[in-house]
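**Student:** take a look and give me a structure for this.
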Amino acid sequence: MSLVSTGVVIGVDVGGTNVLAGVVTPDGRVVSSVQQQTPHRNKHPRVVEDTIARAVRELSAERPALAVGVGAAGFVDTSGSTVAFSPHLSWRNEPLRAALETRLGVPVTVDNDANTTARAECRFGAGVGHAQVLCITLGTGIGGALVVDGAVFRGAHGMAGEFGHMQVVPGGRVCECGNRGCWEQYVSGNALARAAAATTGLAVVEAARAGEASAVELLAEAGAWLGTGLASLCAAFDPELIVVGGGLSQAGDLLLDPARAALLRNLTGRGYRPEPAVLPAALGVDAGLIGAADLARARLG
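**Tutor:** Okay, the predicted model is just below:
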């Protein structure tokens, strides 16, 4: 039996809070997975690489890895070799692909984590059958990607889709990127944690799902910010569909209903144009690693 038939392809999603990794089949199913905490942003990049390598080795203990795909929370260049900048991690012009290939001894593909999420949703999830899809990921911050006719729009330098760093409040809250008033400072895991005073964004989601009134109110406020930002993106891109993923998407309609309402209130030309549907990511929090693995498999040839 050939190595191709016995080996596995592994996807890794490196977010600001967690590193998720899994063995992914050609049809986008995760058959085994591991999760580890992302090292603090002040840690050396090598510590993040250690975490990724540890997860890959655990998943490939029984069957060798043929290739590894990484969805990285940062600005990835057009060659897919370097993470130029990450607001939530210590990567600065980090040659991540080469570093991981040296450690793991297999081909490694690197892309932005929102791009890999969008790829997965358009191939296997909520975006299937749609030509123009806007994907937003709500985690520690906000990631984004625009898919046009099945391809992620990357911009001139590979760094398109950083919608979380659109400035929506001039002179507003300080952002990890160094600017003020970025969208992700008003709707993200970090924003919810700040509003709820020393808890986590996911804890707010869990409390809201349990019926806690203050948590429901916080999610409604975050949803209003989300919808307002989406209205601006609709003015720019006119998407057919909006898919919302990332950890905070687990809030479901507690977040998305206020977002849909705010989108419709603020949509330019409302009443005279088609309104895009806003759907949760069908693949949940695994979407990023599924897309990363799918990209790595495609590049195996």
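**Student:** which helix of this structure spans the most residues?
**Tutor:** Selection of the longest helix in the chain by residue count, based on DSSP state H, yields helix 213-237.
**Student:** can you list the buried residues in stretch 214-229?
**Tutor:** Using 16 or more other CB atoms under 10 Å as the burial criterion, the residues of stretch 214-229 that qualify are 215-216, 218-229. Just so you know, the C-beta spots here come from the backbone N, C-alpha and C atoms, and that holds for glycine as well.
**Student:** next, the contact list for the closest residue to Leu248 other than its chain neighbours, please.
**Tutor:** Spatial nearest neighbour of Leu248, chain neighbours left out: Leu138 (3.8 Å); criterion: CB to CB, 6 or more residues apart in numbering. Contacts for Leu138 (CB atoms under 8 Å, 6 or more residues apart in numbering) come out as Val187, Ser188, Gly189, Leu226, Val244, Gly245, Gly246, Gly247, Leu248, Ser249, Leu255.
**Student:** just want the most central residue of the chain.
**Tutor:** Taking CA atoms, centre = their mean, the centroid of the chain lies closest to Ala114, which sits 3.6 Å from it.
**Student:** residues in contact with it?
**Tutor:** Contacts of Ala114 (CB under 8 Å, 6+ apart): Gly71, Cys135, Ile136, Thr137, Gly143, Gly144, Ala145, Gly161, Gly288.
**Student:** so of those, which two are at opposite extremes in space?
**Tutor:** Gly71 and Ile136 (14.8 Å; CB to CB).
**Student:** of those two, who's got more company?
**Tutor:** Gly71 (33 against 29; other CB atoms under 10 Å).
**Student:** in helices, which of the contacts of Leu138 fall?
**Tutor:** Using DSSP H, the contacts of Leu138 in helices are Gly189, Leu226, Leu255.
**Student:** and which of these is nearest Gly15?
**Tutor:** Gly189 (9.2 Å).
**Student:** gap between the nearest residue to the closest one once chain neighbours are set aside and Asp113?
**Tutor:** Closest residue in space to Gly189, ignoring its immediate chain neighbours: Gly201 at 3.0 Å, by CB to CB, 6+ apart. Relative to Asp113, Gly201 is positioned 16 Å away (CB to CB, to the nearest Å).
**Student:** I'd like to know how many residues surround Asp49.
**Tutor:** Not Asp; residue 49 is Glu. Glu49 has 20 nearby residues by other CB under 10 Å.
**Student:** can you name the residues that contact it?
**Tutor:** Glu49 sits next to Leu96, Ala99, Leu100, Arg103 when contact means CB under 8 Å, 6+ apart.
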